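[1] how would this look folded up:
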Amino acid sequence: MKVRTILLLGLMFSWSVYAQTGGLKGNVKSKDGGDALVGATISLPKLNQGTNSDSKGNFAIENVKAGSYELVVKFIGYAPFSQEVTIVAGQTTEVSIRLSEEDIFGDEVIISASKRQE
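    Predicted structure coming up:
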């Protein structure tokens, strides 16, 4: 009898913990051409959770604690993007992200050579 009670309480506790989380899903595309950005980094820095977009630009982050968070999206050659998202317990929040292209400039590189006498 004690075992059943413990199992029942454990099951109820696990459901209550699960009910306090939600999810985040969406897609990442280029603002200009609408092309899917494969491998974009999507993160919720405050929670240290994140993922990458798939071959169609889609992504999903599950088991996110309910609350409001900063969503950060980065992809090489595009301007970083951030937006506040609200995660509701038991629901999945959907977002559609469009990134703008950004030029990448590096520091000047100087190459010099000299002829060595033989």
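[2] any idea which residue sits dead centre in the protein?
    Ranked by distance to the mean C-alpha position of the chain (C-alpha atoms, centre = their mean), the top residue is I42 at 2.0 Å.
[3] and the pLDDT at it?
    In this prediction, I42 carries a pLDDT score of 97.
[4] same question for the one 10 residues further on.
    pLDDT for N52: 97.
[5] how many other residues sit next to it?
    14 (other C-beta atoms under 10 Å). For every residue, glycine as well, the C-beta is placed using N, CA and C.
[6] and the nearest residue to A66 once chain neighbours are set aside, helix, strand or coil?
    Once flanking residues are discounted, A66 sits nearest to A89: 4.2 Å by C-beta to C-beta, 6 or more residues apart in numbering. The local conformation at A89, judged by DSSP: H, G, I helix; E, B strand; the rest coil, is coil.
[7] list the contacts of A89.
    Listed by C-beta atoms under 8 Å, 6 or more residues apart in numbering, the contact set of A89 reads A19, Q20, T21, G22, A66.
[8] among those, which one has the most neighbours?
    Using other C-beta under 10 Å as the neighbour criterion, G22 leads the contacts of A89 with 20 neighbours.
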